[in-house]
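Trainee: sequence first, then the predicted structure, then my questions.
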Amino acid sequence: MSVPIEKILGPVVIGVTLNAFLYGFCVLQFIQYRASYLRDNVLTQLLVTWTFMIDTAHTGATIYMLWTYAVDNFQNANVLTTAPWPFTATPIFIVCTSGPIQHFFAWRVKKLSGSWTLFWGLSVLSLSSTALGLANAVSGFSNPNVKDFRRLLPLVIAWLTLSMVCDLAIAVALLYFLNKNRSGFRRSDSIMNRFVHSFIESSAFNTFFTLADIVIFSSLPNTNYHLLLALPMGRVYTSTLLAMLNSRLRYKEKVAEGTASIHSLHGSRVDRRFNLTNSVKPSEVNVKVSIEQQVELDYIAEGSGSSIKGGIVGGDSDQSIHRSDSKTRTVIA
């Protein structure tokens with residue numbers, strides 16, 4: 001063999017181990033999602049189930065691949081120059097996970113922007129990436145020799161580059177429209193900020209995995225070092241999806257708590273005004289008006305600490321608050 005065994009079998013062992021670790025993390029996220037009683041629509045639940053099934057199948061396939069290398073073909077050096085079917089099928093597992101998840105986030109962009117053009121543009125990027133990934137797998141099955149994988153370099157680079165561009169475009173679009181839809185209310189914007197930070201971290205992780213895989217495969221095409229990142233890449237996409245879905249429960253609780261406190265504050269202000277009005281005699285109209293104005297000013301001062309703007313009960317303040325909550329729920333729903 002012209003390539004040392006540690007450059008062929010070593011990355012397989014580490015890649016399978018890392019993939020199994022991330023799969024365990026996805027299992028915990030999946031259990032948390034199922035136990036959270038979030039009332040998602042059928043398509044979202046099917047997406048979560050689909051990605052979890054793909055992750056389970058791919059993790060089982062990678063363990064079988066390691067068994068094939070290390071046990072079934074122990075002391076058989078010739079097997080190291082060939083790629084078992086789980087090796088060449090890795091792009092299929094990846095695109096079966098990344099494609100639906102990219103469309104899920106593209107639909108979020110459409111809901112925030114209202115632009116079908118933007119959605120279809122992101123969809124074309126995702127579908128093109130998926131098609132190139134499948135073509136890469138077909139080429140690998142036609143000639144499963146590690147030494148010949150250099151000829152797949154243009155196809156692999158095109159596939160991973162399109163996938164990375166799609167991920168970055170989704171991230172930029174979501175960040176732009178999330179910032180554009182800020183309400184000016186501290187409570188809603190605080191929730192929005194947490195969501196933005198969470199999404200930035202997840203998107204950066206996806207981009208890092210894809211970019212690093214491109215660099216490794218381009219510089220070391222006749223080795224298996226690219227499997228260090230290729231095998232767990234699908235788990236990274238699944239973890240991003242489940243992390244976003246599970247985070248909504250915490251955010252929704254904060255929105256509900258904030259809405260309840262606002263309504264309580266409105267109710268207490270109405271009671272104060274009602275009591276003041278009943279306690280003032282009709283002949284003291286000026287005094288009553290003065291007291292009401294003072295109460296309004298006090299409420300504005302108190303409300304400013306919670307980023308509540310306005311001064312009339314049931315007026316613009318209530319409408320603005322509900323619009324703010326509506327925008328926040330659109331993002332985290």
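Mentor: Great, that's in hand.

Trainee: use CA for all of it now, contacts and neighbours both
Mentor: Noted.

Trainee: okay, and the helix or strand of the chain with the least pLDDT?
Mentor: Within the chain, judged by mean pLDDT, DSSP states H and E, the helix or strand with the poorest mean is helix 285-304; its value is a mean of 40.

Trainee: so which elements touch whatever helix or strand Leu168 lives in?
Mentor: Assigned by DSSP states H and E, Leu168 belongs to helix 153-180. Under the contact criterion of 3 or more Cα pairs under 8 Å, 6 or more residues apart in numbering; DSSP states H and E, helix 153-180 touches helix 90-113, helix 116-142, helix 186-219.

Trainee: buried residues, it. List them.
Mentor: Residues 153, 156-171, 173-175, 177-178 are the ones in helix 153-180 that count as buried (16 or more other Cα atoms under 10 Å).

Trainee: any idea which of the helices and strands packed on helix 153-180 gets closest to Arg34?
Mentor: Among these, helix 90-113 comes nearest to Arg34, with 18.1 Å by Cα to Cα.

Trainee: put the alpha carbons of that closest one into PDB.
Mentor: Taking Å, rounded to 0.1, in the frame of the first residue of the first chain, the C-alpha atoms of helix 90-113 are listed here in PDB:
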ATOM      1  CA  THR A  90     -22.500   8.800   3.200                       C
ATOM      2  CA  PRO A  91     -23.400  11.600   0.800                       C
ATOM      3  CA  ILE A  92     -26.900  10.100   0.500                       C
ATOM      4  CA  PHE A  93     -27.400  10.100   4.200                       C
ATOM      5  CA  ILE A  94     -26.100  13.700   4.400                       C
ATOM      6  CA  VAL A  95     -28.400  15.200   1.700                       C
ATOM      7  CA  CYS A  96     -31.400  13.200   3.000                       C
ATOM      8  CA  THR A  97     -30.900  15.200   6.300                       C
ATOM      9  CA  SER A  98     -29.600  18.500   5.000                       C
ATOM     10  CA  GLY A  99     -32.100  19.000   2.200                       C
ATOM     11  CA  PRO A 100     -35.300  18.900   4.200                       C
ATOM     12  CA  ILE A 101     -33.800  20.900   7.100                       C
ATOM     13  CA  GLN A 102     -32.600  23.600   4.700                       C
ATOM     14  CA  HIS A 103     -36.200  23.800   3.200                       C
ATOM     15  CA  PHE A 104     -37.600  24.100   6.800                       C
ATOM     16  CA  PHE A 105     -35.400  27.100   7.500                       C
ATOM     17  CA  ALA A 106     -36.100  28.500   4.000                       C
ATOM     18  CA  TRP A 107     -39.800  28.400   4.900                       C
ATOM     19  CA  ARG A 108     -39.100  30.300   8.100                       C
ATOM     20  CA  VAL A 109     -37.400  33.000   5.900                       C
ATOM     21  CA  LYS A 110     -40.600  33.100   3.700                       C
ATOM     22  CA  LYS A 111     -42.800  33.500   6.800                       C
ATOM     23  CA  LEU A 112     -40.700  36.400   8.000                       C
ATOM     24  CA  SER A 113     -40.200  38.100   4.600                       C
END
